[in-house]
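1. heads up, no residue letters with this:
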């Protein structure tokens, strides 16, 4: 770059750094100035006079001040919400036998008796090639049959495989044992058998008789972060040292769609098997992340949002999940509403001041000039972003809306490429990617964003307490091959 072009840019960056430094530390600057003024006005007092005045204080007054200070500190600690931590997490690692490369998908579709139109087959392949999914994504055993097996036995088999593998992984990675678990929360949207998933976990790991259990369903891809919010509420009022086990998954075997409606065929193409387990606690003794702010926005009051992800029957009676064509736009609007709540909780004062000034400018110039609101830079609040890998379009929309770089959304794109849309567990696979790459540092902040049926948007902030000691996890065997270059999309599907 030419020196004359680089100069103004560098000066602007330096000016912005000084602006952030002053505004974000405004109270400290004012306190230092006030203290300096006080010292200057009291400067004529000698040290002997100061000591004499202190000796002149009555002991009862000193004791009263100390008791008052202790009471104020105690009251502040009592009113402050108890810190909640992520002790460890683990993910299901699919074996190569579950792979579903594009050629296999094409062959199976051609063998299915109900697919009669060649244009539908071409559409499906174009969708796969442009979806952001790679050739190593995995589907359950049931999908490898022709036709796919939607039986209860197949769904139970997949459930036990993915859930128990994820829970085994998290227990292997921490010193917490099944006997230490006080609460279990399991979420899965579509498949809910009897006994429910949470009872499967209690039975498999022989958890205590007094363990508290919660089973969540129907919340879609946002259920993992909804479970985190529920765990936080429980841990903030639970005794110190309480442990909560969260398991997030989506069982595919029972939800394969046998019809020909394209909006209902999308889940067949995009969703892949996966599961994640997290252990949370209100004790930071063995913690790796500290839970920060959370925000949940529900837009179900609007009919278009409510029906955006909808389970229904098609004209021929086949049950499936219909993904609206307005899904990406709905996600963008839900994210904007969520930012209105989440932004003031996490953004530094420098960014909030710029937003406030742009709003004031728009009101003052209303009707005379078109003023664009300032888009806050969330990279001043977070070092890492885990955006739900719901599809290439969803990630693109969030990236544009937040003004993020390709590096900021790398974890989301690579998780989509390697594992596909694993529903609510996708954000945990993305966190594992960041750690496997060795990019996580102590004190780094992470923003998890997920979208779910309803339609809702969830945001969760984490602060790293202790980075992973190694890259062991779902990326252990392939992290050296990532990131990969994704093909560009030229035409719409």
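-> Yes, it's here. Since we're looking at a predicted model, the values are computed, not measured.

2. For the most centrally placed residue in the chain, list the residues it contacts.
-> Nearest to the mean C-alpha position of the chain, counting by CA atoms, centre = their mean, stands residue 448 at 2.4 Å. Neighbouring residues of residue 448 by CB atoms under 8 Å, 6 or more residues apart in numbering: 225, 386, 427, 431, 458-462. C-beta coordinates here come from the backbone N, C-alpha and C atoms, glycine included.

3. at 10 Å instead, please
-> Neighbouring residues of residue 448 by CB atoms under 10 Å, 6 or more residues apart in numbering: 224-225, 228, 294, 382, 384-388, 426-428, 430-431, 458-462.

4. Please flag which of those sit within strands.
-> The strands, defined by DSSP state E, take in 294, 384-387, 458-462 from those.

5. So for stretch 105-117, first residue to last residue, what's the gap.
-> Start-to-end span of stretch 105-117 (CA to CA, to the nearest Å) is 16 Å.

6. Mind checking which of the contacts of residue 448 are buried?
-> Neighbour-count burial (16 or more other CB atoms under 10 Å) applied to the contacts of residue 448 gives 224-225, 228, 294, 382, 384-388, 426-428, 430-431, 458-462.

7. can you redo the ones in strands among the contacts of residue 448 as TSV with pLDDT?
-> Shown next, in TSV, are the ones in strands among the contacts of residue 448 (pLDDT from 0 to 100):
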residue	pLDDT
294	96
384	98
385	98
386	98
387	97
458	97
459	97
460	98
461	98
462	98
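
8. which one among these gets closest to residue 422?
-> residue 386 (12.6 Å; CB to CB).

9. mean confidence score for stretch 443-452?
-> Computed over stretch 443-452, the mean pLDDT rounds to 97.

10. Pull out the buried residues from it.
-> 444-452.

11. for stretch 385-403, same thing?
-> For stretch 385-403, burial by neighbour count (16+ other CB under 10 Å) applies to 385-395, 397-399, 402.

12. Any idea how far apart the tips of that stretch sit?
-> One end of stretch 385-403 to the other measures 12 Å (CA to CA).

13. one step back: any chance of a markdown table for the ones in strands among the contacts of residue 448, columns distance to residue 57?
-> Formatted as a markdown table, the ones in strands among the contacts of residue 448 follow (distance: CB to CB, whole Å):
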| residue | distance to residue 57 |
| --- | --- |
| 294 | 47 |
| 384 | 52 |
| 385 | 55 |
| 386 | 55 |
| 387 | 59 |
| 458 | 54 |
| 459 | 51 |
| 460 | 50 |
| 461 | 45 |
| 462 | 47 |
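
14. Quick check: next helix or strand after the helix or strand hosting residue 164?
-> If you go by DSSP states H and E, residue 164 is part of helix 152-172. Downstream of helix 152-172, the first helix or strand assigned by DSSP H and E is strand 183-187.

15. orientation of that following strand relative to helix 152-172 in degrees?
-> Interaxial angle, strand 183-187 versus helix 152-172 (axes from the mean of the first three to the mean of the last three CA atoms, to 10 degrees): 130 degrees.

16. Tell me the strands beside strand 183-187, with direction?
-> strand 212-216 (parallel), strand 243-249 (parallel) (DSSP bridges).

17. Could you pull out the helices in the stretch 201-350 of the chain for me?
-> 223-235, 262-270, 303-306, 327-346, 349-364 (DSSP state H, counting those that start in this stretch).

18. Just name the most buried of these.
-> helix 223-235 (a mean of 23; mean count of other CB atoms under 10 Å).

19. angle of it against strand 212-216?
-> If you take the same axes, to 10 degrees, helix 223-235 sits at 150 degrees to strand 212-216.

20. can you give me the mean pLDDT across helix 223-235?
-> Across helix 223-235, the average pLDDT comes to 97.

21. can you give me the helices in the stretch 51-200 of the chain?
-> 59-79, 102-111, 118-130, 152-172, 197-205.

22. where does this structure have low pLDDT?
-> By pLDDT under 70, the weakly predicted segments of the chain are 1-9, 12-13, 15-31, 34-47, 49-50, 53-54, 76-80, 113-116, 367-369, 489-493.

23. would you list the strands paired with strand 183-187 in a markdown table and tack on distance to residue 319 and mean neighbour count?
-> Shown next, in a markdown table, are the strands paired with strand 183-187 (distance: least, CB to CB, whole Å; neighbours: other CB atoms under 10 Å):
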| stretch | distance to residue 319 | mean neighbour count |
| --- | --- | --- |
| strand 212-216 | 21 | 18 |
| strand 243-249 | 20 | 28 |
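
24. Now render those strands as TSV, adding distance to residue 413.
-> Conversion of the strands paired with strand 183-187 to TSV gives the following (distance: least, CB to CB, whole Å):
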stretch	distance to residue 413
strand 212-216	28
strand 243-249	20
